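1. predicted structure and sequence below. I'll ask about it afterward.
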Amino acid sequence: MATLDSKIPQGELSKKWSNHKAAIKVVSPANKRKLEIIVVGTGLGGASAAASLAELGYNVKVFCISDSPRRAHSIAAQGGINAAKNYQNDNDSVFRLFYDTIKGGDYRAREANVYRLAEVSNLIIDQCVAQGVPFAREYGGLLDNRSFGGAQVSRTFYARGQTGQQLLLGAYAALNRQIAKGNVKSYPRHEMLNLVVEDGEAKGIITRNLVTGEIERFGAHAVVIASGGYGNVFFLSTNAMNSNGSAAFQCYRKGAWFANPCFTQIHPTCIPVHGDQQSKLTLMSESLRNDGRIWVPKKMEDVKAIRSGAKKPTDIPEEDRDYYLERRYPAFGNLVPRDVASRAAKERCDAGYGVNETGLAVFLDFKTAIERLGKEVIRQRYGNLFQMYEKITDVNPYEQPMQIFPAVHYTMGGIWVDYNLMTTIPGLYAIGEANFSDHGANRLGASALMQGLADGYFVLPYTIGDYLSHKIQTPKTDVNTPAFDEAEKAVKEKIARIFSIQGKRSVDDIHKELGHIMWENVGMARTKESLEKAIKEVQRLRAEFWKDVKVPGTNEEFNQELEKALRLSDFLELGELMARDALNRNESCGGHFRSEYQTAEGEALRDDEHYAYVAVWEYTGENKEPVMHKEELRFEAVHLAQRNYKD
Amino acid sequence: MNLTLKIWRQKNAKAKGAFETYHVENISPDTSFLEMLDILNNNLIHEGKEPVVFDHDCREGICGMCSLHINGHAHGPDSEITTCQLHMRKFNDGDTIVIEPWRSAAFPVIKDLAVDRSAYDKILQAGGFISVNTGGVPDANAIPIPKADADESMDAAACIGCGACAATCKNGSAMLFVAARVSSLAKLPQGRVEGARRAKAMVAKMDELGFGNCTNTGACEAECPKAISIAHIARLNREFLSAKFKD
Amino acid sequence: MGTFLYNSSIGKKLVMSVTGIFLVLFILFHMSMNLVAVISPEGYNMICELLGANWYALVGTLVLAAGVVIHFLYAIMLTLQNLAARGKERYAVTAKEQGVSWASKNMFVLGTIVLLGLCLHLLNFWSKMQLVEIMGQETNSLGFGPADGAALIRYTFSQWYYVVVYLIWFAALWFHLTHGVWSMFQSLGWGNKTWYPRLKSIACIVATIVFLCFALVVVFYFIQSLCGGACNL
C-alpha cells in the first residue's frame, strides 16, 4: 500500500538539495548500460530527461503522440524562462525567486521543491546557451531580460515570442544527438494507453501505434511520465488539440495518487472566444503585459457604444478609461500574477464592462508604450505576437487595442511525486506539468519552462539513480508476463468497447459539452453548488459517452476519432476528480477561487489552518469515490501571509 | 459561407488515392480553416462516413504539425502563416477549395492529408545539434554574442519543421530546412566549433533520403510560414563548400 | 576529396555554377567579337583569322565544349533526380509563388533550347570555319574561306527563318541568364538579403546586354540583306 512520504531531506532549506545529492546512491557507468528507462512525452521535461539520461549511459525509449518529438506543446510557450541570475543587478537571488514562486503559488507548494527549482534555474540558462538557444541579447553581446507577472525584478530570459520553441529545439537537438548515437530509441506517433505494474513496481507501458493501430508492449526498469497537463478537459483551452491527460490518468488508475487536481490556471491574456465552432483558444504572451495596459471603459455608455460599433476604443479619452489592474494593485500594476489578473477581468466583465458583443473581453492597449518607445521597438519585442493577433482577428494591434479574455492554460495539479519526483508507484516518475510539485495553486509566468527543464536536466538524472541503483541485478524486463497480458487485454477491451457502441454523438459533441460543464462550474469561480452540480453532470455525461458515442472506422488504421475518444473517456473521469477536489477545498487560493471564500475586496481568502495541505487522491475503482490523503505543507523559510500585490 | 471542397482521400500509404467532393454550409468568415475541416468531419461522422485525416496540433502556428496544400499553395493563400492560422475570411462564398497533402517523395502519404515527415527528424539527427552534455557548461554570459548575430541566428531558428519548403519546391529539395538549422548554429560561437562537420553530415543525410537539388527558385522562402530567407541557403552552401575544400 | 562534386547536391550545384560562370564569360567574349562584325566586317575577319585553328583556339574550343557538356550532363542528372524527389503523385493545383521567376522554374527547358540553338549555330558557323581548318581544307561547302566569318554571317542572316530561329534562341538565353547569373553566386554561397536585389539586377542587365548585342548583329545583317547593296547601314 502506498504511503505519502515526501522524502524531503533534513537540514536547512538552502542545503537540502546538496545534502540530498550527497546522500543518494549513484549507478556506475557499466551498470547504467544494463538499465532501461521509458520516457513518455517529449516536451521540455521529457526531451531533456531522455537526452540527459541517455548521456549518462542509460538505455532510453522515448514515446510521443506527434509525428516528431519537436511538436510537443512546450513549443508554444511564448514569453520566457525565469532564472535567478541577477544579471540586471536588481537584487534578484535564488531566495527571491523561491519566495516569489511560493507566494505566487499562494503558499500551496512544497518549500523544498521550489527552493531546488530556484537553485537549478541558473544552470538551465547556461545549458541552453551552450546548446545554441538564441536568447535575446543586448548590444554588448550579453543576455537580455524582461519582467513577468508576480515579480518585481527582471529575471525572464527570452527568445522573441518563441522561447518555448527555442528551448524545446535545444532539448530536442540533445535528444536527436542521443538518438543518432543509439542511446535513445524514439517512438513517434505512439500513445501510451496503459501502465504495467508488477510486484508493486512500474515495469512498462502498453502503447498504440497511431498509424497502424498495433498494440505494443514495452518494458523497462523505470518509467517516466512527462505527458503534460490536462487543461483540455475544458475542451477550449490554450493547450494543443492533442494535449491530453490520459497517460497520467492511466497511472492514477494503476495506483499513482493524483495531487491537487482542481488547481487550474486560467491565463488572463487570450484571444476571446468568437463562436461555438471554435476549436481552441490562442494565448497572447504574458510578456505583453510588460508594455501593454489593460483597461475597460469607466462609463457604461462607452461600453455600449464600443459594443455597437458607434465608438472605437481609441475614441475613449484617457480619463474615461479604467486601468483596473493599475488602480487595484498599484505596486505590481499590469504585472500581477495570472490568477489575480484573470479574476479582475472577470470581475469587470461580470459588472457589465466587457467590451465585445459577448461582454467577455477587456482591452490590452499598447498606445502608451508605442508613444514612449516607438513602433519599431514594440515590433522588435512583440512583432510575431502582433502578427498572430492580426491574422486571427483581422484587427491591427498597432492601431487598435487587443481584446483579451482569460482562458484555461495550465494545470498545476498532477501526479503526486516525492522530492525525488517518484510517484506512489515505485519506479514510476512524473516530471514537468504532469506532476504537481512546484507551482502550488498558481504558476507564475515563465516558470513552466523552468520547471520542465529543471526536472529533466538537473533533478531526475540524479534522483532516478537512487532507485535504479537497486535494480542493477534485475535483468531486462520480460514483457511476456501476466501483468503485461492483463494490461494489454484491458486496452484492447476498452477499444473494442468503444467501437461496439456506434451511438449518435461524435466525440467532439460530447467533449464540447464536458468543456461547457467544466467552464461553468469548475472554472474561474466555483461554489459548493456548482461543484456538486458538475459532479452529477459529468457522471451523467460519462454514462452517455459509454452509451451513445460514435467512432467510425477500425482500430487497425490511422483513426483520429478513436484517439480522441480514448482521451475523452479519461477527461470524463478527470473532470469529476477535479470537481471533487475543488469541493473538498473550502478555501480560495491561487487559481482555485471558491466564491464563498473571499475577502471584502474580492481577493482569494485562504484557510491555512485547515487547508495548508496537498490533497492527494487515490483511485479506488470504476465509478467509486476516490479516497483523499493529505500531505501537510510545512513552511519554515517563508511566513504565510495574505498575498499582497498592492504595495 | 457555402463552400465546395475537393479533398484528397487515400486509405493508407499503399492504397491509391483520389479526390472526393464535399460541401460545407454556413461557415463563418471568422472560422479558421481547420475549424472548417472540423465541421466537415463532424458532419461526415453524423452521416456515417469516415472523417478526413489531417495532422494538426497547437493551432497557433508554432508546432509545425499542420500542413495541407490549399488551392496550389502550401499553408493556403495567405502569407507568413500556417494552415491553422488561416481564416475563412481569405475565401469567398461559393468558392471551390482544393486540398491536397504535401507531395514529395520523401514525405509519403500516410492517410488522406497526413504525410510522414520523419525524414526531417533524421536530417537533424545527423548533425543538427551542438555536442554538449548536460552540465559542466560555462556561464551563459561567458561568451558575448553580437546582437546582430544572435538575431540572425534566431531568424533561422524560427523554422517549425512543417515541410512546406520541400513540399513547395519543384525539386523536392529540403535545402531551406537544412540551411535554417545549419545557419542558426553557424551564427553562434558555440555552434561554430563543429560547423564543418554539421554541414557535411546534414547535407549528406538530406541527399541520402532522396530530397532533390536546390535550383535557387526561392519558392520555399515565398511559402515558408516563418519567411525564412534563402540567404541561409547561401550560408549553408558556404559552410558546406569551405568544409569540403578543407578536407 | 572531390567526390562531393558528383555525389552531393551542393557539390553538383557548384559544378553547375562554375561551368555556368565560364560559359557566361565566353558568351560575353563572343558577343564583343560579334559587335566588331557590325562596325567592321574586315576587323571581324581579322579576329577569325587570329583564332582559326591555332593551338590556343583549339584548346579554348575543347575547354568550352567540356564546359557545355558538363553543364548539360549535370543539368540532366539534377533534373532527373529532382523529378524523382518530387514523387509520382503531382499536385492537381499549382499556383505561382510570390516573387518566384518563371525562368527559375524552367531552367532545363530553357537550357535545352539554348543547346539546340547551339547545335544549329555550330552547323552554321563552326563546321564551316574552324572545322574546315582542322580538316585542312581551303574553302568550306559554301565556297568561303574558313576565316571569312563576315561572309558567313551575311549569308546566314539573309535567310529570314534563321533570323527568327536565332532570335528565339537569344530569348531563351535571356531567360536562362536572368536566373542563371545570380543563381551561380547563390550556389557559391555568395548571397544575402542586401545582395539579392543587386545580384538579380546584375543578372537582368547582363542577360539584356547579351540579348541586345547578339540580336543586333542578326538584325543588322538581315536588314542589310533586304536592302541588297542599296542601303549601307
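-> Structure's in. What do you need? Note that the structure is predicted; figures quoted are calculated from it, not measured. Residues are numbered from 1 along each chain as shown, chains lettered A, B, ... in the order given.

2. top helix in chain B by residue count?
-> helix B:231-246 (DSSP state H).

3. in that one, what's buried?
-> The neighbour-count check on helix B:231-246 (16 or more other CB atoms under 10 Å in any protein chain shown) flags B:231-241, B:243-244 as buried. Using the backbone N, CA and C atoms, a C-beta is placed for each residue, glycine as well.

4. from the residues you listed, which are also near chain C?
-> Among the buried residues of helix B:231-246, the residues that sit close to chain C (CB under 8 Å from any CB of the partner chain) are B:231, B:233-241, B:244.

5. give me the beta-bridge partners of A:K630?
-> A:A615 (DSSP bridges).

6. that one touches A:W617, doesn't it?
-> No: with contact defined as CB atoms under 8 Å, A:K630 does not reach A:W617; the gap is 10.7 Å.

7. more crowded one of these two?
-> With neighbours defined as other CB atoms under 10 Å in any protein chain shown, A:K630 and A:W617 compare such that A:W617 has more, 22 against 12.

8. and that one, that's in a helix?
-> No: if the criterion is DSSP: H, G, I helix; E, B strand; the rest coil, then A:W617 is strand and not within a helix.

9. per-residue confidence at it?
-> In this model, A:W617 is scored at 98, pLDDT.

10. check contacts around it.
-> Taking CB atoms under 8 Å, 6 or more residues apart in numbering or on different chains as the criterion, A:W617 is in contact with A:252, A:257-259, A:261, A:577, A:580-581, A:626-629.

11. just the buried residues of those.
-> The neighbour count (16+ other CB under 10 Å) marks A:252, A:257-259, A:261, A:577, A:580-581, A:626, A:629 as buried among these.

12. could I get those as CSV with secondary structure and pLDDT?
-> Formatted as CSV, the buried ones among the contacts of A:W617 follow (DSSP: H, G, I helix; E, B strand; the rest coil; pLDDT from 0 to 100):
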residue, secondary structure, pLDDT
A:Y252, helix, 98
A:W257, coil, 98
A:F258, strand, 98
A:A259, strand, 98
A:P261, coil, 98
A:L577, helix, 98
A:R580, helix, 98
A:D581, helix, 98
A:P626, coil, 97
A:H629, strand, 97
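
13. now, which of those residues sits nearest A:R328?
-> Ranked by distance to A:R328 (CB to CB), the buried ones among the contacts of A:W617 are led by A:D581 at 28.8 Å.

14. could you find the closest non-adjacent residue to the closest one?
-> Leaving aside its chain neighbours, A:D581 sits nearest to A:C262 (3.9 Å; criterion: CB to CB, 6 or more residues apart in numbering or on different chains).

15. that neighbour: how many residues sit nearby?
-> If you count neighbours by other CB under 10 Å, A:C262 ends up with 24.

16. looking at it, it is touching A:R585, isn't it?
-> Yes: contact status for A:C262 versus A:R585: in contact at 6.4 Å, counting by CB under 8 Å.

17. show me the common contact partners of these two, please.
-> A:592, A:615.

18. buried sites along the strand or helix carrying A:V340?
-> Here A:V340 sits within helix A:338-350, counting by DSSP states H and E. Buried residues in helix A:338-350, counted by 16+ other CB under 10 Å: A:338-346, A:348-349.

19. swap in stretch A:512-524?
-> Neighbour-count burial for stretch A:512-524, with 16+ other CB under 10 Å as criterion, is recorded at A:512-519, A:521-524.

20. please flag which of those sit within helices.
-> A:512-519, A:521.

21. circling back to that earlier point, quickly check the buried residues of helix B:231-246 for the two that are furthest apart.
-> Pairwise distances across those peak at 20.5 Å for B:A231 and B:K244 (criterion: CB to CB).

22. assumed C:F26 was part of a strand.
-> No: assigned with three-state DSSP, C:F26 falls outside any strand and is helix.

23. what's the closest non-adjacent residue to it?
-> C:L64 (5.8 Å).

24. quick one: what helix or strand has that neighbour in it?
-> C:L64 belongs to helix C:55-86, assigned by DSSP H and E.

25. try B:E221
-> helix B:219-223.

26. before we move on, back to that, which residues touch the residue nearest to C:F26?
-> Applying CB under 8 Å, 6+ apart to C:L64 gives the contacts C:22-23, C:26.

27. returning to that earlier point: so is the very next helix or strand once past the helix holding C:L64 next to chain B?
-> Going down the chain from helix C:55-86, the next helix or strand is helix C:107-124, by DSSP H and E. Yes: for helix C:107-124, a contact with chain B is found by CB under 8 Å from any CB, at C:M107.

28. quick check: mean pLDDT of helix C:107-124?
-> Regarding helix C:107-124, the rounded mean pLDDT is 96.

29. what packs against it?
-> Packed against helix C:107-124 by the contact rule (3 or more CB pairs under 8 Å, 6 or more residues apart in numbering or on different chains; DSSP states H and E) you find helix C:55-86, helix C:160-187.

30. now that helix against helix C:55-86, angle please.
-> Relative orientation of helix C:107-124 versus helix C:55-86 (axes from the mean of the first three to the mean of the last three CA atoms, to 10 degrees): 150 degrees.

31. okay, buried residues for helix C:107-124 please.
-> If you call a residue buried by 16+ other CB under 10 Å, then helix C:107-124 has these buried ones: C:107-108, C:110-115, C:117, C:121, C:124.

32. ditto for stretch B:10-23
-> Residues of stretch B:10-23 classed as buried by neighbour count (16+ other CB under 10 Å): B:10, B:17, B:22.

33. make a markdown table out of these and add distance to chain A, secondary structure and pLDDT.
-> As requested, the buried residues of stretch B:10-23 are exported to a markdown table (distance: CB to the nearest CB, whole Å; DSSP: H, G, I helix; E, B strand; the rest coil; pLDDT from 0 to 100):
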| residue | distance to chain A | secondary structure | pLDDT |
| --- | --- | --- | --- |
| B:Q10 | 10 | coil | 97 |
| B:G17 | 14 | coil | 96 |
| B:Y22 | 15 | strand | 98 |
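
34. for those, which one is nearest chain C?
-> B:G17 (7.5 Å; CB to the nearest CB).

35. who are the neighbours in contact with that closest one?
-> B:8-11, B:109, B:112, C:89.

36. list only buried entries from those residues.
-> Applying 16+ other CB under 10 Å to the contacts of B:G17 flags B:8-10, B:109, B:112, C:89 as buried.

37. give me the phi and psi for the residue nearest the centre of chain A.
-> When CA atoms, centre = their mean is applied to chain A, the residue found nearest the centroid is A:Y410 (3.7 Å). Phi and psi for A:Y410, reported as degrees, to the nearest 10, are phi -160, psi 150.

38. can you name the residue of chain A nearest chain B?
-> Closest point on chain A to chain B, by CB to the nearest CB, is A:G141, at 2.8 Å.

39. that residue - nearest residue in space that isn't next to it in sequence?
-> Counting by CB to CB, 6+ apart, A:G141 lies nearest to B:P144, which is 2.8 Å off, once chain neighbours are set aside.

40. dump the residue contacts of B:S184.
-> Going by CB under 8 Å, 6+ apart, B:S184 touches A:132, A:134, B:153-154, B:156-157, B:159, B:191, B:232.

41. any idea how far it is from B:G128?
-> Relative to B:G128, B:S184 is positioned 9 Å away (CB to CB, to the nearest Å).

42. same thing with A:T481?
-> When A:T481 is compared with B:G128 (using CB to CB), they lie 39 Å apart.

43. mind listing what's buried in stretch A:631-647?
-> Within stretch A:631-647, the residues that count as buried by 16+ other CB under 10 Å are A:631, A:633, A:638, A:643, A:645.

44. stretch A:197-209 and chain B in contact?
-> No: Stretch A:197-209 does not reach chain B (CB under 8 Å from any CB); its nearest approach is 11.5 Å.

45. return the set of buried residues in that stretch.
-> If you call a residue buried by 16+ other CB under 10 Å, then stretch A:197-209 has these buried ones: A:197-198, A:201-209.
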